[in-house]
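> Using only what follows, build the 3D model:
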Amino acid sequence: MSRRERNLVLARVAIVVVAVGILELLARLGTFGPTLSVPPSVMLQTLMASLADGTLVPDVVRTAIEIGLAYAIALAIGLPLGVVLWRSRPLAIAVEPYLLAYYVIPLFAFYPLFIKIFGGGIAPIVAIGVINGIGAIAMNVLVGLREIPRVQLAVARSLMLGQTQTLLHVVVPATIPQAFVGIRLGFIYSLIGVIAAEFILATAGVGYRIAYDYNNFESRSMFATILLVLIASIAANQALISIERRLQRHRRA
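Purely as a prediction, here's the structure:
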């Protein structure tokens with residue numbers, strides 16, 4: 001890690017520490033009222049206790065499975081879809097406006113239809129997570145492919161590289177930065193879709209647990225579960241960033 005990267009990490013850690021310290025102080029002073037004034041330290045203690053005694057574990061496992069399935073399916077569809085749209089300009093012109101606009105559609109309104117198609121259980125919730133994630137993945141792959149410098153493709157042709165060699169040595173390396181933006185966003189959108197669907201529609205899962213605690217005025221448990229979602233989201237995003245950096249280092253090597 002370079003000095004610049006190390007300083008950046010320290011700056012980010014300092015921002016988080018200061019923000020948490022301010023929230024801790026404000027909560028201890030009762031600034032947000034008796035219901036919402038839960039210090040971060042108490043949230044963390046409650047979360048650890050809930051995980052230790054197993055209260056939260058079934059919900060975490062269910063939500064992790066739903067997010068994992070939704071994200072995997074979104075990747076399996078979104079990545080090749082971006083490539084197909086890049087190779088077919090007429091199809092891209094027809095489909096691209098819908099990919100850009102479908103986030104304004106209230107997907108939860110289609111939940112009864114999803115139940116009719118997929119049945120009960122986790123399938124409709126996974127479907128919402130999949131639909132939430134596909135657009136970001138496909139669009140960023142498409143943008144990354146469109147931004148490949150034409151000179152690189154021309155050099156590949158002049159060197160008489162085959163399609164596989166061009167793909168491995170030109171297309172993939174040039175697309176990685178933008179594609180990984182979509183890969184990271186796809187995970188976040190899939191997670192948001194699953195948690196929101198659980199919040200409104202499910203009878204189990206982390207989203208359901210947050211809604212249950214909210215409706216029963218269990219502020220400590222509610223904020224503890226929200227803290228878990230934040231920690232998991234940040235950890236997953238950092239893991240994807242680490243993978244991206246390794247791929248970029250490998251490309252430069």
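
> So Gly42: helix, strand or coil?
Residue 42: Val, not Gly. Assigned with DSSP: H, G, I helix; E, B strand; the rest coil, Val42 falls in the helix class.

> what separates the residue nearest to the spatial centre of the chain from Gly144, distance-wise?
With distances taken as CA atoms, centre = their mean, the residue of the chain nearest its centroid is Ile188 (1.7 Å). Going from Ile188 to Gly144 by CB to CB, to the nearest Å gives 18 Å. C-beta here means a position set from N, CA and C on the backbone, and glycine is covered the same way.

> One more: Ser37?
45 Å.

> So these two - more neighbours on which side?
Counted by other CB atoms under 10 Å, Ser37 and Gly144 do not tie: Gly144 has more neighbours, with 22 against 16.

> residues contacting the more buried one?
Gly82, Ala174, Thr175, Ile176, Pro177, Gln178, Ala179, Gly182 (CB atoms under 8 Å, 6 or more residues apart in numbering).

> Check Ala211 too.
Ala211 touches Glu198, Phe199, Ile200, counting by CB under 8 Å, 6+ apart.

> rerun that using 7 Å as the cut-off
Phe199 (CB atoms under 7 Å, 6 or more residues apart in numbering).

> I'd like the distance from it to Tyr111, if you could.
15 Å.

> Phi, psi for the nearest residue to Ala202 once chain neighbours are set aside please.
Nearest non-adjacent residue to Ala202, counting by CB to CB, 6 or more residues apart in numbering: Tyr208, 4.5 Å away. Backbone torsions for Tyr208, taken as degrees, to the nearest 10, come to phi -60, psi -40.

> what separates Tyr208 from Val194, distance-wise?
11 Å.

> For the two, indicate the residue with more neighbours.
Per other CB under 10 Å, whichever of Tyr208 and Val194 has more neighbours is Val194, with 32 against 21.

> For the more buried one, which non-adjacent residue is closest in space?
Residue nearest to Val194 in three dimensions, not counting chain neighbours: Gly129, with 4.2 Å by CB to CB, 6+ apart.

> residues contacting the one you found?
Glu66, Ile67, Ala70, Ser190, Gly193, Val194.

> Mind doing that once more with 8 Å?
By CB under 8 Å, 6+ apart, the contact set of Gly129 is Glu66, Ile67, Leu69, Ala70, Tyr71, Ala74, Ser190, Leu191, Gly193, Val194, Ala197.

> didn't the fourth one look like it was pressed against Val126?
Yes. A contact is recorded between Ala70 and Val126 when judged using CB atoms under 8 Å, the distance being 4.8 Å.

> So the two - more neighbours on which side?
Under the criterion of other CB under 10 Å, the comparison of Ala70 against Val126 puts Ala70 first, with 29 against 26.

> So which elements touch the longest helix belonging to the chain?
Counting by DSSP state H, the longest helix found in the chain is helix 219-252. Applying 3 or more CB pairs under 8 Å, 6 or more residues apart in numbering; DSSP states H and E, we find helix 219-252 packed against helix 40-52, helix 172-201, helix 206-215.

> In JSON lines, list these along with mean pLDDT and distance to Arg3.
Converted to JSON lines, those look like this (pLDDT from 0 to 100; distance: least, CB to CB, whole Å):
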{"stretch": "helix 40-52", "mean pLDDT": "91", "distance to Arg3": "31"}
{"stretch": "helix 172-201", "mean pLDDT": "87", "distance to Arg3": "23"}
{"stretch": "helix 206-215", "mean pLDDT": "91", "distance to Arg3": "39"}
